[in-house]
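1. for reference, the sequence and a predicted model appear below.
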Amino acid sequence: MMGRLRLWIGVGLAAVAISASAQLAWSTAPDVVDYSIEVSLDPESHSLQGTETVRWSNATAVPTDEIWIHLYLNAFASSETTFMRELGSGSLRGRVSQTGEWGWTKIESLLLDDGTDLLPEMEFVRPDDQNVDDFTVVRIPLPEAVQPGASVELVIDFSARLPWIIARTGFVDDFFLLGQWFPKIAVFEGERGWNSHQFHASSEFFADFGTYQVTMEVPQGWVVGASGYEVERTPLDGRERIVYRAERVHDFAWCAAPPSLMEVFETDFEPSRDLPAPWLAQAGTLLGLSAAELELPPMRLRLILPRAQHALVPRMVRALRLAIAWYGLYYGPYPYPQLTVVSPPAGAEEAGGMEYPTFITTGAGNLDAYAPFAWSPDIEAVAVHEFGHQYFQGLLASNEFEQAWLDEGLNTYAEVSCMTAIADGDLAPDFLHLVSFWGQQRLAVGAASLPVTIDRPAWTYRQRWRYFLASYSKTGVAMRTIQGLIGPEAMARGMRAYAERFRFRHPTGDDLQAVLSEVSDTDLGWFFEQAIRGDATPDWAVLAVRQRHVGRATGMEWDGASWREIEAPEDDGDEPPETQNELWAIEVDLARHGDLVGPVTVELTWDDGSTERRLWDSAARWERWRLEDSRRLEQVVVDPDAAWALETRRADNYWRESPARPRDPLWWLREALLNAGQLYLKWGF
Ligand SMILES: [Zn+2]
């Protein structure tokens, strides 16, 4: 999803070569779930009636005699659920309670396929916080264990009342966005048991891959969008039954609204038209793949948006096509035939900026086609971000409860890389050139006075904004730092290898570390340990540089028998001392202000214009380098390539010899401008 942090920033600032055969490994992970659901929407009472048949297969090596199921609509049932308590006052909770439109769901009947009634044994469980007012997870004991490789089929009747839109689910007037709306099976992890977290305010989801066939009954003529693709549509007494099918996905979401409110715009992604040639060339170089190996398939794009936003269609479509091209190049081709994109109507903004497999919601205002609102990069940024979730975690289905950074953070890295390429390539409105996308993220990272840890369960942060900061910006910038450390080629190859090997699986942070280390041939454990699992902050500085002539002593000298005065050299007035045949003793003092210990490059620039680079391991708090040279130092820069994007305090990374021109009263101003200019050129601010 798109965090509040972005909105806040937006307001505040304007190897292993990947062989072709590796691509075949995508399809080896087994399907775990197979859903067939019939659901009827009653817009008057904002309610659902559904019947669900779900077959669950035990893909682990451990038998289990129970099944855990999410009933996430119950997160919106009262002010005392875990979700509502964590959300706290002063946010969305007020709107739900004011309208009296709470949301809930109820399992009406629960049978095994042989007719055994499982409902009497079903119990609510609260694995995360023991909050007895939370009803978002149930545990169902089974009469017999499901053995490894075996499966079990449940038939569930359920009813639901939809909430006033909250956390991307519910209704506003006649607009319905249905996410987390059906009883959904949790993930069985073998020895680790059932992994099923309650619905938390600061987290998203985790589920297994499988097939969904969903029949949605709505008023006739209504606009419906859903995960997957339409296979059938049947009229039925003023109503309509629409069947969608989605394969190899781990969730199913849909929307419904009358055609007077929303319109549908059908188009496609056609690589021969929509893939920028320079992108293909650059990806080929970075990844070491041929154009044939980087071939992308065409796909259908279905846009559902308020009639009032019609003028935004070209910009949205353009951004989506570029996103499909970028992610396809760097993270592998999009494997599904269709993507549905919903821009929620005015008043339903809370439904925006969310991702489900093959179904995303963006966010736009009715005035966004017109100045000055048109000058916001959010149309592009949100489209790219939400499409990016088709990979992180649509295809790479990490546990968003436990490691939210693997979806939001890796996606922030990919999104900002893509947005930077869009702006640099003149592929979108001109004003994008004015935005420093990495600068925005780095500014956010620098905003936290108390460092945040990236790798921790989403609901355990002290404040929600810290969850957003850690999971989005800080992870994005940490990934950009790894790119700086191992180089753009190794990074591109490593990320593509990660995206291909773990497609249709549940990768963890350890998997990411292993693949990036392997492909870059560098053990990145020290970095992950300090910057991802820990909260260590990098911050280096040039403390001081001293330069003095060797052999130009003054004072008295001992001639063996007595003291006599050293002869002074001739005073040459205003001219700088002639240094060519003399030797300089130079001391460079470097400091590590931060607690992160890692290698950092230091660039020395001599007065003859030549430069040299040295690596400092920064193991000590400070270090003094003693040099002797016929040249003087003119400049010292720590991390000259700005590889360490995570280092947000860079002003002290520069030392320049002060110009010896005291007669110029403006020398200090020029110095200040020079320093500011250097900073700007390096990192955009
Ligand atoms: Zn997101």
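-> Structure received.
2. after the helix or strand of the chain with the lowest mean pLDDT, which helix or strand is next?
-> Least confident element among the helices and strands of the chain, by mean pLDDT, DSSP states H and E: helix 4-12 (a mean of 38). For helix 4-12, the following helix or strand on the C-terminal side (DSSP states H and E) is strand 33-42.
3. following element in sequence after that next one, please.
-> Past strand 33-42, the next helix or strand by DSSP H and E is strand 47-57.
4. what sits against the residue of the stretch 551-685 of the chain found nearest the ion?
-> Nearest residue of the stretch 551-685 of the chain to the ion, counting by CB to the ion: residue 645, 19.6 Å away. (Glycine included, C-beta is placed from N, CA and C.) For residue 645, the contact set (CB atoms under 8 Å, 6 or more residues apart in numbering) comprises 438, 442, 477, 478, 480, 481, 484.
5. nearest to residue 111 among those?
-> Residue 111 lies nearest to residue 478 out of the contacts of residue 645, by CB to CB, at 48.2 Å.
6. quick one, what contacts residue 155?
-> 51, 52, 53, 109, 110, 111, 112, 113.
7. so the fourth one is in which element?
-> Put plainly, it is residue 109. In the assignment (DSSP H and E), residue 109 maps to strand 104-112.
8. the longest helix anywhere in the chain close to the ion?
-> Counting by DSSP state H, the longest helix found in the chain is helix 313-331. No. Judged by CB under 5 Å from the ion, helix 313-331 makes no contact with the ion; its nearest approach is 13.0 Å.
9. okay, buried residues for that helix please.
-> For helix 313-331, the buried set under the neighbour-count rule, 16 or more other CB atoms under 10 Å, comprises 313, 315-331.
10. mind listing what the spatially closest residue to residue 348 that is not a sequence neighbour touches?
-> In space, and not counting its chain neighbours, residue 348 is closest to residue 172: 4.1 Å by CB to CB, 6 or more residues apart in numbering. If you count contacts by CB under 8 Å, 6+ apart, residue 172 has them with 164, 165, 344, 345, 347, 348, 351.
11. check residue 470 too.
-> 405, 452, 453, 454, 456, 461.
12. for the third one, helix, strand, or coil?
-> Under the three-state scheme (DSSP: H, G, I helix; E, B strand; the rest coil), the conformation of residue 453 reads as coil.
13. not counting its neighbours along the chain, what's nearest it?
-> residue 535 is the one closest to residue 453 (CB to CB, 6+ apart), at 4.5 Å.
14. before we move on, the earlier item: most neighbours among the contacts of residue 470, which one is it?
-> residue 405 (29 neighbours; other CB atoms under 10 Å).
15. OK, contacts around it?
-> Residues in contact with residue 405 (CB under 8 Å, 6+ apart) are 454, 455, 470, 471, 475, 509, 532.
16. next one: residue 384
-> If you count contacts by CB under 8 Å, 6+ apart, residue 384 has them with 319, 322, 323, 326, 415, 418, 419, 422.
17. give me that answer again for 7 Å
-> By CB atoms under 7 Å, 6 or more residues apart in numbering, the contact set of residue 384 is 319, 323, 415, 418, 419.
18. just residue 513 next, same as before
-> Contacts of residue 513 by CB under 7 Å, 6+ apart are 524, 525, 528.
19. now name the helix or strand holding it.
-> Assigned by DSSP H and E, residue 513 falls in helix 509-520.
20. repeat for residue 411
-> Applying DSSP H and E, one finds residue 411 within helix 410-424.
21. and that helix, what's buried?
-> 410-419, 421-423.
22. how deep is the residue of the stretch 301-450 of the chain found nearest the ion tucked in, by neighbour count?
-> Closest contact between the stretch 301-450 of the chain and the ion, by CB to the ion, is at residue 408 (4.8 Å). As a burial measure, residue 408 scores 30 neighbours (other CB under 10 Å).
23. how about residue 157?
-> Neighbour tally, residue 157, other CB under 10 Å: 16.
24. what do you get for the one 4 residues further on?
-> Using other CB under 10 Å, residue 161 has 19 neighbouring residues.
25. what's the answer for residue 290, then?
-> Neighbours of residue 290 using other CB under 10 Å come to 10.
26. picking up where we left off before, highest neighbour count among the contacts of residue 405?
-> residue 471 (31 neighbours).
27. tell me the pLDDT of that residue.
-> At residue 471, the model reports a pLDDT of 96.
28. go ahead and confirm it touches residue 404.
-> Yes. Residue 471 is within contact range of residue 404, at 4.3 Å (criterion: CB atoms under 7 Å).
29. where does this structure dip in pLDDT?
-> Confidence mapping of the chain against pLDDT under 70 gives the ranges 1-28, 89-99, 570-581, 658-685.
30. ok, of the buried residues of helix 410-424, which one's closest to residue 183?
-> For those, the nearest to residue 183 is residue 411 (28.1 Å; CB to CB).
31. list the contacts for that closest one?
-> Shown in contact with residue 411 (CB under 7 Å, 6+ apart): 385, 388, 389, 392.
32. one more time with 6 Å, if that's ok
-> Neighbouring residues of residue 411 by CB atoms under 6 Å, 6 or more residues apart in numbering: 388, 389, 392.
33. next one: residue 303
-> 265, 341.
34. okay, and the beta partners of it?
-> Going by DSSP bridges, residue 303 is paired in beta bridges with residue 265, residue 341.
35. now do it against residue 179, distance only.
-> In this structure, residue 303 and residue 179 are 18 Å apart, going by CB to CB, to the nearest Å.
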